[in-house]
Each structure stands twice: as structure tokens, then as C-alpha cells.
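Peer 1: below are the sequence and a predicted model for it; my questions follow.
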Amino acid sequence: MTDQLTKQPHGGAQATPAKAGSFLLMQGISKSYGGVPVLTDVTIGFERGRVHGLVGENGAGKSTLMKILAGIIRPDRGAVLKDGTPIRVQSPRDALAHGVTMITQELSLVPRRSVLENVLMGRLAQRGGWVQSRANHARFLELRDEVGFDDLDPQALAGALPLAKQLRVEIMRAIARNAEVIIMDEPTAVLTTSDAEQLLVLMQRLADSNIAVVFISHYLEQALSVTDTLGVLRDGRLVTGGPTVGQTADTLVRSMVGRQVDVLYPEPEPVPHNAPVVLAVRDLRRGQAVRGVSFEIRRGEILGVAGLVGSGRSETARLIFGAERADAGEVVVNGKTVHPSSPSIAMRAGIALVPEDRKTDGLVLGRSVRENISLASLGELSAGGVLKRRKERRETTALMERTDIRAATTEGPVWTLSGGNQQKTMFSKWLLRRPQLLIVDEPTRGVDVAAKVQIHQLLRDLAAAGHAILLISSENEEVIGMSHRVCVMRQGRIAATFQRGDTDTEAILATAFDGLGGEDRGRKA
Amino acid sequence: MRASVITVGQRALSSTRDYGIAVSFVVMFVALSLSTTTFFTPTNMVNLLDQSAMVGILAAAATLCIISGVFDLSMSAVLTVSAIIAVQTTNHFGVAAGFATGILVGAGLGLMNGLLVNYGRINSFIATLATGIVFRGLAVVVTEGQLVATTSRSFGVFNDASPVFGITTGSWLFIAVAVLSGLLLSRTTFGRAVYAVGGNREAARLSGIRTRVVSSFVMTLSGSLAATAGLIGASRASSAQASMYTGLELSAIAAAVVGGTSILGGEGTMWRAVLGVFILALIGNGFNLLGLDPTYQQVVQGALILVAVGTDQILRRRRF
């Protein structure tokens, strides 16, 4: 096992990505959403028989880049070349025809069908429309021998298998489709350490059989141990790309940080040291996601929470707000214990949550700005169940002015607004309740720079006015620039807490990434 | 810049949906008035309203349900059970008790649907399809397959012409239901919650709305309204039976959809749904008065439903 994990350079060929002559070359790829660039002029190449790593912070553009290669997303600009010839990759079907398959984070098996059917999906042997069971079975066994998954039962329901085995079914399907490139997006994130190790071994075996493997990972040690080349993405640009040899976790982290500063962060109002504690959380737990979180926030304080996606940040926020029930732990607001078993209980205690995903959790997209803003305050805006429409109009209009929502009309559906205005609509909804504690999860994701500056100013003003603010963000500059204190979460726990001025993005990243899946694996020499 | 062009186009298309229905109604109404001498007469108007009363009340219920994100396919079965029990109760305890019991039975059956859908987590389409079959089966058991009739004169009150324009009491009941449920949707906190639950259930929940309570109450209301329609039906015939008004909920859902209620939930208004009821009624009335082959009436009505749903789909597709 272990010595298979030790990297052996394949052949003598140089493992430089991104240059002409690559088996598969992505050239000048750019993509933006609503004016916000996600990828800018990325050129990267992949070779048969190599394992290529792709690393970067949350939102650096790794998954988007690979989804473009797999035909799931179309780029705004750029080309894909195979053996020097441009190819059309407009759909997953096109990509498959050129031998490119992607195993996404949310696996794409049909859960209620058998392993065999999933593996041979779209390729079942048939005669005149009748499925040839015996031929299919033989083909499956042949494939299984090829990849060595002896324990995979062809008749088992795919959805009933543990994740590690589902992943193997996906890999077998890729092989059954004669894949020449297999992209794996964070495949080890959900696996146990030993399953992850087996997968790394498998990646090398796939490379040995002349397949190009692309491995997207947050686990730097894993990426260092298994890959031949490593590309680092930062803010949608490829900042370094080259042989893995010579890279260390430290050099990678250094490449990942250093986002362009597009926003200035003025000093927030200091918190008086006798300011009362608004929220105290003690030993909050839920499953594997949140494993004993404790902290306090005082009046006027902005507490930033950094960490990787899946480190338990949003989950902690949802537990405090009652969107999910905690297994254990205590939430105390202004000295009173709250049992937030539903959002309305948390709301009555003075807690508000501006959620991470405005489309799925935050807004009723088909309804107007006015209705969205008043939705959490219907009780205050009515008498005996009948809306006070004049009061509603007055208060929502006042908030739209305060948060500077630019909408042609207050009556148009909220989906016609820009991302920034949608975000401000969510803020307005919660500000109408004048909460004591405002939790904001990714408050500036997907908004333009002008709106971002306004949202930051709004948060500082709220803190100065005596609200307590819990700020969750994947953008470390934002967390550092906005907060009085910064907690870094890792694997469901707070790994470190920094005072303002005591930290930088490098320290946060090092804490957030530290030891992920790498404790028990020796670093590559 | 480009975004604002899209927005303008969007708005034009969505106001087509808002007012297109009103325009079509007026055009049809004027055309029928001009092309026949029999259409715009007091008798025909009263008849048209009377014909629309039952399906109209069910359409109000269907609109509430669909906006809140559920379907109620058991409405005609609830209607039947309520009507039968109302007739039987009338024969023992009088008309007032009969009507009250009928409505309560409808509310109870509706609540049962609401609980199955929201707490049993069964898809509303399937849950109400199944309970509809069960309820109609119960109706057969209760009546032993026979017609139940009443000799109570006052049970026929909904069939009586009122002093105002000669409109029947049943029609007035429909008008009252339409106005009240319209106000419920547009002017109350409950109405807002209904739109929010149907438009984005998770966002509604995270705004402190008790989504399961709201949805269960909508289905209870749907049952009560179905019972109300059942009272009109039984009142007209002075009787009820297990096979009455089978499938009437489908016409009601069709009317709601023609009126621009989005089957994906969260969008629609009561006044447009009522216009949808009238438009479908005008098509039938028009075929009748113009002496056209009634076979084609169904073709036209069906095509209209497709146009309405197609418009909704186009509007939604442009969203992202």
C-alpha cells in the first residue's frame, strides 16, 4: 500500500502543464456570471498517463474550470484542443465523445438501479431493443477485472452502497465509456482515511493505464502525494502550474493567498470592553458537521468565521437560528437560554440569519421586493391578520432607501434585480425586525464591487449602532478586514481564534487546511 | 444595459399574462353579444352565472391550493360526501344542521388531506388522488349505492332566485366566496404566507413562517369550499348520490390555470382565476348559442389550457 503511494515519476517526460503539444489543452478560458469574473484567461494542459492536481481556495474557480472541460458549463471565451486540434465541448455528450468524463461532488448515479445498469448506462448490449443480460454481465465482469473492484456486486442497488463504493461505480462507468480523461472533483472529501488512500492508489493505476486523471482537492497532502503536476488557481487565474516535485504545503498556501485588493477595509468602531455579551454558544453539536463549538459575541462586535466549505461554519449558523436542531449544546441570548428548535423561536429571541444561498433559502424570487422585505415581519405589519398596507409600504420603502436597493419598482418580482440588490433585499428583510444578533453567511458572494462596499459599510454601521454580528465568509480578506475577532473552523470545530491585527490570510489558510487528511500520511520528500 | 432590455421584455410578457386574460374575456363577451341576440339577455346571464357557481367555488379552492404549492384532486369526492351527509342530517335535524354538518365534514376531510401531505410527507397529487378514491368509496358505503333525497323545501334555497337581478342564492354564494378568498390572498398575512410557501418553501420557513400549518390550513379550506359547492349541487337536486360531479375538480384546476395561476406555485390571483372560470363557461355557452358542433368545444377548451401553461413556462424559463 504505502510504497504504491510513494510517487514515482512516470517515464522521463517533463510534466509541464499548459503548453502546446499537450494531449488536452484548455486555452484562454474565461467565464463570468452577471459581470463577476469566475475564470480569467486560464490556459492549462493535461497529459495521458499523468495525475494532475488542481488546488485553490473556495471559489477560486477549480470546479468551474473542470465543468467547462466536461461540457457542463460553457465558457464565455477560450478553446479546448485535443492533440492540437480544436474540439467542440458544448454538452456532457460532446465531452464524452472526446473521452472526457467528470465525477462531480454530487455523484450522478441512478440510486434505484443496479450497479451493472449504472456502469453500462447508455451502453447496455441489446438486440432489437431487448437487453442482452448475459452479454452485459460478461462485459461487467470483464470491466471489473480490469479495474480490480472484486467486491462490487453487479446486482446491488447503487444508492444503497457506501459512498466509497458509489465512487468506484462512477469510475467503472467512466472506464466503460472508454474515458481518456477522468476528472474527480473533491472525491476524497467524503471518504474515510483508508478509503481515501485506496482511491489515491487507484488514481495512479488509472494513470498507468494511459488515462489522464485530474484531481481537484482541498487536501494539500493528498494532492502532493499523488500528482505529477499541480496547478494553483486564485481568483479565477492560474497562478502557478508545473511539476509537483519541489512543491510543499507551504509553497502552495503561499500561491493561493494574495487576492487582489479590490475593496478597502476601514477600521471598525472599537468594542467597549464592558460591552455585554449578546450571544454565547456553548459546546454546540450536530452529527459530524458541528462537533463542539463555543464562542461569545458582544454588543457592537463583528465576529468573523473563516474556514473551508464543509468545515461547519454555515451549519453552526443554521443551528443557532433554528433552521436545524442541535444534538447538544447551549445558545444563550442576552443571558437567557434559548432552545432554537425553529426559526420563529430564534427570531423572537432577536436572532436573524441572512443565508448563504439567496436563491434557494433567502428569497421568494417570484414575489416583489416589498413582499420579500415584509415576509419576516408580517405580525408587526398587521392587525388581526389583516395587513396594514400603508405601514408596510412606508417601512419597506424606508429600508430600500437605507440599503440603497435600486429597483425600477417595488412591485416587480425580485428575480429581475441584480445580485447586489437581491442581497440588499435580504438584509432589509432582517433589518426590519431590528435583530440583536445578525448572522450573515457569505454576504457579498456574487455581488459587484460597489454593492460589496455598501454591504460592508452597512455591517459596520449596524455594529456601531450596537448590533452583534456573526460574519461568515470564504473570502479571507473580507473576514480579516471586517471583524474584531476571527474564528477559523476546521472539521466542525473552532481551530483557532485571532484578534484583529494578529492574523493574515496566510495564517488563516494554514489553519483551515492544516492536517486535513494528511496527519497519518508522510509528506512526500 | 442588456439586463434592462430583458427586464422590459419580461415585464411586457408578464403583463400580457396579467391582463391578456381580461382582454380575452372582454373580446369574447362583446363578440358573443354582437353575433347573437340570445347571449346578452338577463336570462342567459343569470344562467351563465348559475352554471359557473359550483366549478367557480372549486376553482377558488384550487387557486388557493396551487398557489400554496399543492394539488387537491379529492375535491369532487369531498363535495359528494359532504352533500350526502348534509342531505341525511337535514332529514333528521333540519336544514341548518344539515348545512353546518356538510361544511364541517368537508373541512375535516380537507384537514385529513393537509395532515397526510404535510406531516405524512406524501406528495399532494398522489395523496389526494388516493383519498379521493377512498372518500367516494365511503360515499357508496354510506348511501348503499342509492340516491339520498330530502323533502325539505328550504333545503333547495340555493336554487331560489333572489330579489336582486333574479340571480340565484347559489350564485351569490359563489360571488361571496370569490370576493372573500380574493381578500384573504391579497390583504391578509395568511395570504402572504400562502404565496411565500408556494414560491419558496425553504425561504418561507427561514422567515419564521410555519409552512406546514399554512399548507394544512389551505387544504382544510379547500375541503370546506368543496363542501360548499356540494351544498349547492344537492340543494339544486334536493338529493345527493355517490356518483355526483365526478371529475369536477379537473375543470376547476383548468379554470385556475387558464386564469394564469402558475402550477409551480407562488403566483396567481383570485380575480384572474374567476375570469378563467367565465372564459371556459363562455366557450361552452358560445358553442351552444351559435349552434356549433359541441365536439369542438372540448378541443378549444383543451387548447386554451395548453396556451396558458405554455405562457407560464416561457415566463419562467427566461428567469435565469
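Peer 2: Looks like it arrived, so ask away. Keep in mind it's a predicted model, so treat the numbers as computed, not measured.
Peer 1: is it true that A:Leu279 lies in a helix?
Peer 2: No - read with DSSP: H, G, I helix; E, B strand; the rest coil, A:Leu279 is strand and lies in no helix.
Peer 1: wouldn't it be in contact with A:Val331 here?
Peer 2: Yes - judged on CB atoms under 8 Å, A:Leu279 makes contact with A:Val331 at a distance of 7.3 Å. Where C-beta positions appear, they are placed from N, C-alpha and C, glycine not excepted.
Peer 1: just want the most central residue of chain A.
Peer 2: Of all residues in chain A, the one closest to the mean position by CA atoms, centre = their mean is A:Val309, 4.9 Å from it.
Peer 1: what touches both of A:Leu279 and A:Val331?
Peer 2: A:Ile320 (CB atoms under 8 Å, 6 or more residues apart in numbering or on different chains).
Peer 1: which of those two has more residues huddled nearby?
Peer 2: A:Leu279 (25 against 22; other CB atoms under 10 Å in any protein chain shown).
Peer 1: ok, which stretches of the stretch 101-250 of chain B are strands?
Peer 2: Assigned by DSSP state E, counting those that start in this stretch, the stretch 101-250 of chain B shows strands spanning B:148-149, B:239-240.
Peer 1: what's the span of stretch B:261-271 from first residue to last?
Peer 2: One end of stretch B:261-271 to the other measures 11 Å (CA to CA, to the nearest Å).
Peer 1: please see if it touches chain A.
Peer 2: Yes - judged by CB under 8 Å from any CB of the partner chain, stretch B:261-271 and chain A are in contact via B:Ser262, B:Gly266, B:Glu267.
Peer 1: and that stretch, what's buried?
Peer 2: For stretch B:261-271, burial by neighbour count (16 or more other CB atoms under 10 Å in any protein chain shown) applies to B:Thr261, B:Ser262, B:Ile263, B:Gly265, B:Gly266, B:Glu267, B:Gly268, B:Thr269, B:Met270.
Peer 1: please apply the same query to stretch A:109-128.
Peer 2: A:Leu109, A:Ser114, A:Val115, A:Leu116, A:Glu117, A:Asn118, A:Val119, A:Leu120.
Peer 1: contacts for it next, please.
Peer 2: The contact list for stretch A:109-128 (CB under 8 Å, 6+ apart) reads A:131-132, A:135-137, A:139-140, A:143, A:152-161, A:166, A:169-170, A:172-173, A:176-177.
Peer 1: show me the buried residues of stretch A:109-128 that map onto helices.
Peer 2: A:Val115, A:Leu116, A:Glu117, A:Asn118, A:Val119 (DSSP state H).
Peer 1: quick one: these as CSV, columns for pLDDT too.
Peer 2: Converted to CSV, those look like this (pLDDT from 0 to 100):
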residue, pLDDT
A:Val115, 93
A:Leu116, 92
A:Glu117, 91
A:Asn118, 91
A:Val119, 92
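Peer 1: if we only consider those residues, which is nearest to B:Leu79?
Peer 2: Lowest distance from B:Leu79 to those (CB to CB) belongs to A:Glu117, with 45.2 Å.
Peer 1: how close does that closest one sit to chain B?
Peer 2: According to CB to the nearest CB, to the nearest Å, A:Glu117 stands 25 Å off from chain B.
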